[in-house]
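>>> Model the structure of this input:
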Amino acid sequence: MRSPTPLRLLPALMLAGAVSSSASATPAHAVTPQVVITRDLCLSRANDTTKKLLACIRQPWLWSRLSDFQDISDQHPGANGHGNRNTGTTGYKASVDYVAALMRQAGYTVTEQAYTYSTTVVEGTPRFEAAGQNYEWNRDWFVARLSAGGSITAPVQRAAGTGTGCTAAEFGHFPPRAIALLQRGDCGYDVQVGHAADAGASAVILYNQPDRSFAPDFLRNIGSRGPDDGSAFEAPLKRAAPIPVLGVVAHAVGDALRARIERGQAPQVHVDIPTRMVTGTDYNLIAESPYGNPAQTVVVDAHLDAIYGAGILDNASGSATILEVALNLAHTPTRNRLRYVWFGGEELGLLGSKYYTQHLTAAERAKLVFDVDVDVTATPNYDYLIADPAHAPNVARFPSNVVPASQLGNNFFTDYFTSIGRPSRMAWFGNQGTDSNSFALIGIPDTGILTMQDCCKQPWEVATWGGSTGNYEGHVPGTDGGCVDNPNRWCDNLANNDPYVLTTASKATAYVIFQLANHVFAVGSK
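Okay, here's the model as predicted:
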């Protein structure tokens, strides 16, 4: 992280916008009229300085947007009776319609980009048996999101070395068709599963580290090597697995299997995961400003879909953040064009952003100069993390311009947090990132913000941001894994969000968007 220049250490008021020359000429005895900031004023005027814009990013107004998403979810319950905004549901489409109506009314050109998606869902009751013991689904183990289905009986074998399978070398002598037992490591789920599948494993059992809470489908790996290593967030599978994946399994269950293997008593394991393919229509919502040079377009994105129900923290919060910023910039001329995108299918493997970026023509792609990804902005037991593609595990796949050019957006985030006296950290988000990863892969520089979710916040994070170790949300303090990525809890609702954090993260996002919207991008700067 760079050291800010003295200019960037100016007070927040100075960062918020320069005093005009006419204002500086006002006689000392003159009384400047006090402008009363109302919502109607903010939504109708040109917020053409950061001072004006930030004054309009207000807690009550942000919270009302978030409350609207809760209402939408409540009005569209799933088969289980709980509110639902998952991909393919009426709650998700109603969320799209809600945002589209507001953006059209504000004067944006709105497009609903429909595409066909396919995913597998678990049906029936999966089984996992080993050494004559039947382990209970949704208690001792979970089916990893995007796992393949199948019924397999085979011996279980531990990967060599660290036992994590984070390197292909750990499978050098792996017996084909065996079931791979892997402890969670410092690499992404997809890396572990990919190495096992390439070695001929018929299934994977991913089990927790001993010092981590049992968090199904999600295990964050932060601070394992210290606070400055760039690791910050471990996401679920982002690609459909070619083999069944049990993920994650309680440490005690996995460790017992490991001990038997090391004693030369590797048991036969039976795995039965019944699945069916679901195909449907999903939607990305695209809203384009009428202002700015379209040949220099800044994309601002958030994913609109949930994964287990209402999804108010993940990611109605990020969706509300960019919606409120967009509405407050609706009448503001900018140097560069602003394009806001609410993606679908993020929780099913970045489906919406992959479709969007892969269906851009060469000419359309050439107009994109930056992407800002906003994913979770209201965590009660928060961090302030800035998405830096330099730390992504798949950074080698990014075109060479991405990492250096992305520092522009990262620095703007750092500037804002410095100006208000709040610490922030560079981080990488997940084994493939969030939707920003889709832009990085096609050469678009990107940044983003995340305030964290699930478990477990470490002591160094508490020393940095306050709060408590353990869950970022859900039961705080607690270590049960939180609400967001835990199936069958249905607790990622409005109460799972913090209005103060939402406001701070949203102001930071507004500041960065304004700076990028008015930055002078050199031709070919990407």
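
>>> how does the chain divide into domains?
Listed domain ranges for the chain are 47-118+278-517, 124-221+236-273 (source: automatic domain parsing).

>>> Next, the buried residues of stretch 189-205.
Buried residues in stretch 189-205, defined by neighbour count with 16 or more other C-beta atoms under 10 Å: 189-197, 199, 201-205. Backbone N, C-alpha and C define where each C-beta goes, glycine included.

>>> taking those residues one by one, which sit in strands?
Among these, the members found in strands (DSSP state E) are Ala203, Val204, Ile205.

>>> For burial, what's the neighbour tally of Trp460?
Look at Trp460: counted by other C-beta atoms under 10 Å, it has 14 neighbours.

>>> What distance do you get for Gly150 to Ala405?
43 Å (C-beta to C-beta, to the nearest Å).

>>> Settle it for me: which of these two has more neighbours?
Ala405 (20 against 14).

>>> my read: that one touches Gly443, true?
No. Ala405 lies out of contact with Gly443 (C-beta atoms under 8 Å); the separation is 9.1 Å.

>>> Same list as before, the ones in strands among the buried residues of stretch 189-205 that is, but in CSV and with pLDDT included.
Output for those, formatted as CSV (pLDDT from 0 to 100):
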residue, pLDDT
Ala203, 97
Val204, 96
Ile205, 95
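
>>> List just the nearest of those to Ala131.
Ile205 (13.1 Å; C-beta to C-beta).

>>> what sits against the closest one?
Val156, Ile179, Ala180, Leu181, Leu182, Leu246, Val249, Gly254, Leu257, Val269 (C-beta atoms under 8 Å, 6 or more residues apart in numbering).

>>> what's the answer for Gly124, then?
Pro274.

>>> That one - that's part of a helix, no?
No. Using DSSP: H, G, I helix; E, B strand; the rest coil, the assignment for Gly124 is coil, not a helix.

>>> Quick check, pLDDT for it.
Looking at Gly124, its pLDDT reads 88.

>>> that older thread, going by distance to Phe398, which of the contacts of Ile205 wins?
Leu182 (26.6 Å).

>>> what helix or strand is the closest one on?
strand 179-183 (DSSP states H and E).

>>> quick one, helices of the stretch 51-200 of the chain?
59-75, 90-105, 189-198 (DSSP state H, counting those that start in this stretch).

>>> now for these, which one comes closest to Thr377?
Among the helices of the stretch 51-200 of the chain, helix 59-75 sits nearest to Thr377 (C-beta to C-beta), with 9.0 Å.

>>> quick one: which two of the contacts of Ile205 are the most distant?
So, the contacts of Ile205 by C-beta to C-beta: farthest apart are Leu182 and Val269, at 13.3 Å.

>>> which of the two has more neighbours?
A direct count of neighbours by other C-beta under 10 Å for Leu182 and Val269 places Leu182 higher, at 29 against 23.

>>> Enumerate every residue touching the more buried one.
Arg158, Ala159, Gly163, Thr164, Gly165, Gln192, Ala196, Val204, Ile205, Leu206, Tyr207.

>>> In contact with Ala310, which residues?
Phe69, Gln70, Ser73, Asp74, His82, Gly83, Asn84, Arg85, Ala316, Trp490, Asp492, Asn493.

>>> actually Val374, not the one I typed
Going by C-beta under 8 Å, 6+ apart, the list of residues near Val374 reads Val300, Asp301, Ala302, Gly318, Ser319, Thr321, Ile322, Gly448, Ile449, Thr509.

>>> go again using 6 Å as the cut-off
Applying C-beta atoms under 6 Å, 6 or more residues apart in numbering to Val374 gives the contacts Ala302, Gly318, Thr321, Ile322, Ile449, Thr509.

>>> As JSON lines, the residues you listed with secondary structure would be great.
JSON lines is the format used below for these (three-state DSSP):
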{"residue": "Ala302", "secondary structure": "strand"}
{"residue": "Gly318", "secondary structure": "helix"}
{"residue": "Thr321", "secondary structure": "helix"}
{"residue": "Ile322", "secondary structure": "helix"}
{"residue": "Ile449", "secondary structure": "strand"}
{"residue": "Thr509", "secondary structure": "helix"}
